[in-house]
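**Q** show me how the following folds:
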Amino acid sequence: MKGKLILSVLIVCFFAIARVEAKMPPRIEDSAAEPVKYVGSLQTDRHFYDGALRHAAGAHLYQAFRANRTHPSEGGLVGWTYNHQPFIAYWNGKFYLHYLSNLIEEHDPPGRTMLATSRDGCTWSNPKVLFPKYPLPEIKRGRVHIPEGTWSVMHQRMGFYAAPNGRLLALGFYSYCAHPRTSPNAGNGLGRVVREIYSDGSLSPIFFIRYNRHAGFNEHNTRYPFYKTSKDKGFLQACEALLADKLITLQWWEEDRAKDGFYVIDPGDVKNAFPFHANMTTFRGAGKALCFYHRPDGVVVALWKNQWSALSADEGQSWTGITKNATLNTCGAKVWGQRTEDDRYALVYNHSATRGNRYPLVVMTGSDGREFDNMLCLHGEVPPQRYQGIHRSRGPQYVRGIVEGNGDPPGNHLWNTYSVNKEDIWVSRLHVPIAGTVDEHVNEDFEKAQSEADLELWNLYVPKWAPISIVADPEKPGNRCLELRDEEPYDHAIAERIFPQSRIVTVGFRIMLSELPQGRVLEFEVVGHRGARPMRLRFDRRWLYMDRKLMSIDPVPVTTGKWYEIRLRLDCDLQNYDLAVDSGPVHKAVAFAEKVDSLERLVFRTGPYRGDVRALIVDSEPRPSGLYTEDLPGADEKLPASVFLIDDVKTE
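**A** This is a model prediction of the structure:
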């Protein structure tokens, strides 16, 4: 008994010492002037979509929904091509994703909210309507006249609430816009709606949980009943718990803007903030798109758009003054922060070199919830925007993660969701601990992988029509290999693998051009830590080229349906590389296309490189965004498939 007591005391002392030694943020009084700081020196390069940053190792990027006007996966005769502002939760062993959807463009009716689900976060169901389009009553307000029956638009900064009693609620907000250059989040909408998502996937009726009474909307002039009329006691308890949570419901303020005492602060009433009005752009104003997390000392950090931030020591009952995080180069899009599985912290947002363009999507990490460093690219691919529409900024944007209390998926990952080009919805799964380098060389034969999700340290970019998977070798029974399949007219699949930073490296892999229509390619590159591209192998259906910026290197004949063994030796001291195919030397001392001091990333890509930003938008997209483009032809139809098999990838 005495020994057990001594052991218990030692254990308590150990954890007490660990807490003391863990890095704690400055006191709330000392950090209130700038609650969050980027303390690194690295900045993004506006000339590249990935910012010329190191890539975060183990980032799997999945397209959860691909917009399609003529063949809509969500059903219906016409696909809705504006899709934006997603939210994600994990509940009862399943991921839930909902997002705004308009027929053509932002702030232009009709609008609705869609719901998709996934068991693994990688493969997503076809979306279904969560909150349908809503016919408005006649609205007369100043010079604004909305005829009765006009469809609403939706705009919500909160998606899900996993209630203490185990119920899962989905939230939305119905509003209106007189034209696309007016805002639905100006306190003028109808109110916030709620419905329950049941464990079998079915949905409860829709209720209003809070009306915009100050704007003239209530039980008598809206189409859904007030939540208190529900006969479901568990649903009522969940709603009451949500309404009582001042931290969670502060996310509602932006569309609501009521002064009835429901909100403990007015986050838009900030000294030196641009005064809000219904026609302003999203780049300005305070109090927009709240995200929050808890520091190690229990203090809540609130992050809004446009660098605004505050702290709370009492779970949102009171706040320090709202001030700017001047070191975060935000661009009018959302910021996400959270504690990660390793008890560190991550910030995810568009750290924009121009403060206008919404790329790249970066992740940076820290230990105390206040100071962040190690900026890495999480998502740096920006495909062409297929469908034209006003306010449709390019890039991965409006990022959100799993809000505290809304579930904890298995595994050590950071999960995020965001839109790309305001038309497609993506989900990212990032390996934790978050890092941009690895310690061991690559030795991957894919035998232990049941699916691509098992490739923890690979970086995968996976459009719906360009999937990546683990498949059986068509020639060798029992052997597994990586398949890159591409039927996408305006995007491509990418499989990357980081290896230890090296001045001299030998790279080997096997490749089969399983199916390769004329005019389609697979490109392979070995690149530097800031994206320098000294070489490229380009496989088409007849030739293997190695002539980036060169014309004098003879190509190697290749054919489809045959395995080829590729071996490269790259030397940064000599600034050249050797190539061998099927163990025989092909070319020696091929000059690098650009100078590079070291190498650290393998890239397999089912299409040409497109990482450099065109001159028209390098300093910022023309405003208003979306009005300098037009719909791209053929965006709704698949191409004939190109299929590539890769195996036995090694570096040394």
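
**Q** element containing residue 240?
**A** Per DSSP states H and E, residue 240 falls inside helix 233-244.

**Q** model confidence over the helix or strand following that helix, on average?
**A** Moving toward the C-terminus from helix 233-244, the next helix or strand (DSSP H and E) is helix 253-256. Averaged over helix 253-256, pLDDT sits at 95.

**Q** repeat for stretch 127-140
**A** 97.

**Q** check which residues of that stretch are buried.
**A** By neighbour count with 16 or more other Cβ atoms under 10 Å, stretch 127-140 contains the buried residues 127, 130, 131, 133, 134, 136, 137, 139. Where you see a C-beta, it was placed from the backbone N, CA and C, and this is true even at glycine.

**Q** which member of those is positioned nearest residue 505?
**A** residue 127 (43.6 Å; Cβ to Cβ).

**Q** right, and the closest one touches residue 65 too?
**A** Yes - between residue 127 and residue 65 there is a contact at 5.9 Å, judged by Cβ atoms under 8 Å.

**Q** which residues are in contact with both of those two?
**A** 73, 74, 99, 114, 116 (Cβ atoms under 8 Å, 6 or more residues apart in numbering).

**Q** which of the residues you listed lies closest to residue 607?
**A** Checking the shared contacts of residue 127 and residue 65 one by one against residue 607 (Cβ to Cβ), the nearest turns out to be residue 73, at 22.5 Å.

**Q** if we can go back for a sec, reformat the buried residues of stretch 127-140 as TSV; add distance to residue 180 and secondary structure.
**A** Shown next, in TSV, are these (distance: Cβ to Cβ, whole Å; DSSP: H, G, I helix; E, B strand; the rest coil):
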residue	distance to residue 180	secondary structure
127	23	coil
130	23	strand
131	20	strand
133	16	coil
134	18	coil
136	16	coil
137	21	coil
139	17	strand
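
**Q** related to what we said a few turns ago, buried subset of the shared contacts of residue 127 and residue 65?
**A** Members of the shared contacts of residue 127 and residue 65 that pass the buried threshold by neighbour count (16+ other Cβ under 10 Å) are listed as 73, 74, 99, 114, 116.

**Q** I'd say the last one and residue 125 touch.
**A** Yes - under the contact definition of Cβ under 8 Å, residue 116 touches residue 125, with a separation of 5.1 Å.

**Q** what's around residue 173, how many residues?
**A** Neighbours of residue 173 under the rule other Cβ atoms under 10 Å: 27.

**Q** go on, residue 258?
**A** Neighbours of residue 258 using other Cβ under 10 Å come to 17.

**Q** residues in contact with it?
**A** Residue 258 touches 187, 212, 213, 214, counting by Cβ under 8 Å, 6+ apart.

**Q** now, the most widely separated pair of the residues you listed?
**A** 187 and 213 (11.1 Å).

**Q** neighbour-wise, which of these two wins?
**A** When residue 187 is set against residue 213 and neighbours are counted by other Cβ under 10 Å, the residue ahead is residue 187, at 19 against 13.

**Q** how about that one: what's its closest non-neighbour residue?
**A** residue 257 (3.1 Å; Cβ to Cβ, 6 or more residues apart in numbering).

**Q** could you do residue 112 as well?
**A** residue 133 (4.9 Å).

**Q** quick check: residue 601 is in a strand.
**A** Yes - when DSSP: H, G, I helix; E, B strand; the rest coil is applied, residue 601 is found to be in a strand.

**Q** surely it touches residue 524?
**A** No - look at residue 601 against residue 524 with Cβ under 8 Å: they stay out of range, at 11.4 Å.

**Q** ok, residue 340 touching residue 432?
**A** Yes - between residue 340 and residue 432 there is a contact at 5.1 Å, judged by Cβ under 8 Å.

**Q** intersection of neighbour lists for these two?
**A** residue 414.

**Q** rewinding a little: among the contacts of residue 258, which are in helices?
**A** Nothing among those maps onto helices, per DSSP state H.

**Q** would you turn these into CSV with pLDDT and distance to residue 36?
**A** CSV is the format used below for the contacts of residue 258 (pLDDT from 0 to 100; distance: Cβ to Cβ, whole Å):
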residue, pLDDT, distance to residue 36
187, 92, 27
212, 97, 31
213, 97, 35
214, 96, 32
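
**Q** closest one of these to residue 567?
**A** Of those, the one sitting nearest to residue 567 (Cβ to Cβ) turns out to be residue 187, at 64.5 Å.

**Q** for the closest one, give its distance to residue 431.
**A** 42 Å (Cβ to Cβ, to the nearest Å).

**Q** try residue 318
**A** Distance, residue 318 to residue 431, by Cβ to Cβ: 38 Å.

**Q** then residue 151?
**A** Taking Cβ to Cβ, one finds residue 151 at 43 Å from residue 431.

**Q** go on, residue 86?
**A** From residue 86 across to residue 431, the span is 21 Å (Cβ to Cβ).

**Q** any weak-confidence spans in the stretch 1-150 of the chain?
**A** Across the stretch 1-150 of the chain, residues meeting the criterion (pLDDT under 70) sit at 1-22.

**Q** what about the strands in the stretch 1-150 of the chain?
**A** With DSSP state E, counting those that start in this stretch as the criterion, the stretch 1-150 of the chain has strands at 37-38, 59-65, 82-91, 94-102, 111-118, 128-131, 139-141, 144-146.

**Q** and of those, who's closest to residue 484?
**A** Closest approach to residue 484 among those (Cβ to Cβ): strand 59-65, 14.0 Å.

**Q** who's in contact with the closest one?
**A** Applying Cβ under 8 Å, 6+ apart, the set of residues contacting strand 59-65 is 73-74, 83, 86, 97, 99, 114, 116, 118, 121-124, 127, 378-379, 381, 417, 420, 424-431, 452-453, 455, 458-464.

**Q** buried stuff in that strand?
**A** Within strand 59-65, judged by 16+ other Cβ under 10 Å, the buried ones are 59, 60, 61, 62, 63, 64, 65.
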